[in-house]
Every structure is written in structure tokens, then in C-alpha cells.
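*Asks:* Build me a structure from this.
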Amino acid sequence: MAPLLFQNARLIDPEKGTDAMGSLAVVNGQIVSAMGLDGATVIDCGGACLAPGIVDMGVKVSEPGERHKESFRSAGRAAAAGGVTTMITRPDTLPAIDTPEALEFVRRRANEAAPVNVRPMAALTRGRAGREMAEIGFLMDAGAVAFTDCDSVVQDTKVFSRCMTYAASLGALVVAHPQDPGLSAGAAATSGKFAALKGLPAVSAMAERLGLDRDIAIVEMTGGRYHADQVTTARALRRLDRAKQAGLDVTAGVSIHHLTLNELDVGDYRTFFKVKPPLRSEDDRMATVDAVASGLIDVICSMHTPQDEESKRLPFAEAASGAIGLETLLPAALRLVHAGHIDMPTLWRAMSLNPANRLGLDAGRLSPGAPADLVLFDADAPFVLDRSKLQSKSKNTPFDEAKMQGKLRGTWVAGVPVWPLD
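*Replies:* Residues are numbered from 1 along each chain as shown. Below you'll find the predicted structure:
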């Protein structure tokens, strides 16, 4: 593979915290110094942004069990088209990824079909049922990067504490969904005037705070490594801040939908806006945006959850939760930059460097020796999103027909172009 030299690029370096014009060289799939490089294929970036590829922490690929919603082939193409060079996949499949054999199936299918890196998470408990711990040690040996029951909260505190204790002894990361399952059962919206006017079954934002309180108490008791998959309310943010100030090994993420949409976007019962947890108030949305800017929230993810038309074309309270996001994560996140809420290096720290660091991956940086997982994009180019043109099998995006800015020009994985396909 011939060396590559990216010239006239606006380099977004989250590790150094810089955003400046420059050049970047790639040899044998790794970033190297451009000094003295001869015989390289030159790519003139024309002033476009060149950044580390996105590490998307929490992607659902519906293999095994629901390939009609999403396969590794379609998800991989969607990731490449969205600048995502590493997908961290969730184990909420049918059946759940709770054995080394199931994990090996995932790894094999991903290697065969996806043009991007795939790093799987495994279930924390057998069948994600919350009753019996999964084979965490064997699953780590098989390649699991973290353990989670996704949105199936482990309600038995003793089981959860045992899982955290054992995971702590192995240095394994536990990813949990902070939510009180009793309060949130059956909810389709966040409690408030809007939900009451719409007649939607709702849950108090306090349910997230209560779930996070319990989880952090167990982290304090066990000394485990813990990541909250989504923290979306101001009340929970205060608890997260205290946990970090106390020195606990706690990080948190938030989905791009909770950063860029609020409860009013549901409008006339638009089910593509039904996600889990439900969209929050504008005050909560801005609180999470500020938390990303300050570093209190560590990770931005797509929380890519494909659902077919039959699952969404139902009354709002009955429709399945979830939205796809692999291809819309980049332009949606750039809304925060264009609005002046966050700068490019901070955004890329949350979308690439921080998730890579938390999972122990050698990604998310532009330093020499790092893998040449790169994304090139025009941050200001406008377009109107057409969901029918998305690469995902499912088209359940809340951004359909939205005016957006940020067009992808190319994606490279280990120096190999994976988008555009030609």
C-alpha cells in the first residue's frame, strides 16, 4: 500500500486540543511524520477537516436474530458513510451475546462483512435477565471490551454488586443504563406539561437520578470500573459530578439525540423521536450540552438502534423505542459546533479519544504510531437529509428532511479508504 500524504487539511487533534491547518502522512496503515516522506499519494483536502475516525460506543447490530433490521454488512456501510471507524456493538441481540461462542460468531461475522473496526461488548448477566452473572472472564478472553445488559437494568442489587465485584477483580468495564425500572416501566415520554397535554405515559426525570444513585453506591462499595451509557438530566449530572470528585472510576455518555433534540420534537406523536430514555426538556438538553463542553460527560454516541417500519408505525405509546444514528452522528454533532456550544477538539474528544481511552483501544488520535483511522469532512457544507438514501437497512431516523451541515468526503480504516466506495 502506497504511503498517503494529506495536505491542506484542517487537522482536528483531540489529544493536543488543537484545530489548525497542516499535513498528515500515513505509511503501512499508521500515522507517521510527514518529514522526508517520498513517493506518497497526495490527497489535497482543500481546507476540509481531517480528524480521527469516530469511535461509536453502543451500536446495535441486529445479528443474530433480527437481520431484517440491520446486519453487519449494512451497519458497516452506514458506519463508513458516517465517519465511524470503530463500532462498539451492544449484546442486546436474539439471543443475547452472553457466551464465548456467541461472541465468536459476532467477531467472525464482523470481520467478514464490515469494512470498519468492530469491538463487541458482551452481556453482564445470562440472557440479560439480571439473575445470573455471565462468564465475564471467558468473554474477556474471547474479546469482549465491556459488559452490559443495555437497557435491561439489573434490578437485583445483590446480583449487580456481585457482577461489579467480579468485574473489578478482572479490571473489566461495566456499562449500565441508569434508570429506576419501576418508575420508568411503560413510559413513553418525560413527565411534564407536554406529556400531560399529549396524554402520553411518562416517567419523572428523577428515575435516572435514582438509578445512577444506586449504581454509584455499588461502585463505591466494590471499586469497580463503571460507565453510564446515557446521562440526560440535570439532576443526574449533579450526582455524576460528586462521584467524579470523590475519585470513583466513573464515566458517562449521552446520545446525540439527547444533545440535539428535546421533548417538543415529538410533535404530533412522531414515533421516530421515541427513544430510550425519552427525550428531555430543553433545560435538561442544555445541561447535558454544557456537561460535554466541560468534560463532565465523557462520551457522545449515536445509540444506533434500528427498528423496522412495522415496529414504528404504531401509536406512540406502543411503538418500539430507538433511532438509527451511525450516519447522522457527525452532522448532528456539528450542530453543537455551529451553535457555539462546543469547539471541534472538545467534540472529537467526546466522540473519538475518550471512548477509545475508556475501552483501552489505540484509536482517537493523530499522533505518530496511531492507526490511520481517519475521517475527512466539510463542516459547513449544507444538505437536507433523505432517509431513503441512508445505508442502514432500517430508516428510523428523527432527522429525516432536516437541514444539516457537515458532509463527509472520505473515511479511512488503517489507511485503506472505506468510503466513498469508489
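
*Asks:* Past the longest helix belonging to the chain, which element shows up next along the chain?
*Replies:* Using DSSP state H to define each element, the chain has its longest helix at helix 206-222. Where DSSP states H and E defines the elements, the next helix or strand beyond helix 206-222 is strand 225-228.

*Asks:* what's the spacing between that following strand and its chain's center?
*Replies:* In terms of CA atoms, centre = their mean, to the nearest Å, the centre of strand 225-228 is found 14 Å from the chain centre.

*Asks:* for it, packing partners?
*Replies:* Using 3 or more CB pairs under 8 Å, 6 or more residues apart in numbering; DSSP states H and E as the contact criterion, the secondary-structure elements in contact with strand 225-228 are helix 157-170, strand 173-176, helix 206-222, strand 250-255. Every C-beta, even on glycine, is put in place using the N, C-alpha and C of the backbone.

*Asks:* I'd like these written out as TSV, with mean neighbour count and mean pLDDT added.
*Replies:* Putting the helices and strands packed on strand 225-228 into TSV (neighbours: other CB atoms under 10 Å; pLDDT from 0 to 100) gives the following:
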stretch	mean neighbour count	mean pLDDT
helix 157-170	18	98
strand 173-176	24	98
helix 206-222	20	98
strand 250-255	25	98
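
*Asks:* in which helix or strand would I find residue 6?
*Replies:* Taking DSSP H and E as the criterion, the element that holds residue 6 is strand 4-13.

*Asks:* residues in contact with that strand?
*Replies:* Contacts to strand 4-13, defined as CB atoms under 8 Å, 6 or more residues apart in numbering, come from residues 18-26, 34, 37, 40-52, 344-345, 348, 365-366, 372, 374, 376, 412, 415.

*Asks:* Next, the angle from the host helix or strand of residue 240 to strand 250-255.
*Replies:* With elements delineated by DSSP H and E, residue 240 resides in helix 234-245, which encompasses its position. Here helix 234-245 runs at 150 degrees with respect to strand 250-255, directions being taken by axes from the mean of the first three to the mean of the last three CA atoms, to 10 degrees.

*Asks:* Only the buried residues of helix 234-245, if you could.
*Replies:* Under the neighbour-count criterion of 16 or more other CB atoms under 10 Å, helix 234-245 has 234, 235, 236, 237, 239, 240, 243, 244 buried.

*Asks:* CA atoms of the helix or strand just after the strand holding residue 6 as PDB?
*Replies:* Proceeding N to C from strand 4-13, the next assigned helix or strand is strand 18-27, under DSSP H and E. Once non-C-alpha atoms are left out, strand 18-27 reads as follows in PDB (Å, rounded to 0.1, in the frame of the first residue of the first chain):
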ATOM      1  CA  THR A  18      -5.700  21.800  18.500                       C
ATOM      2  CA  ASP A  19      -7.600  22.800  15.400                       C
ATOM      3  CA  ALA A  20      -5.100  24.100  12.800                       C
ATOM      4  CA  MET A  21      -4.100  23.800   9.200                       C
ATOM      5  CA  GLY A  22      -1.400  21.200   8.400                       C
ATOM      6  CA  SER A  23      -0.400  17.900   6.800                       C
ATOM      7  CA  LEU A  24      -0.600  14.300   7.800                       C
ATOM      8  CA  ALA A  25       1.200  11.200   6.500                       C
ATOM      9  CA  VAL A  26       0.300   7.500   6.500                       C
ATOM     10  CA  VAL A  27       2.600   4.600   6.000                       C
END
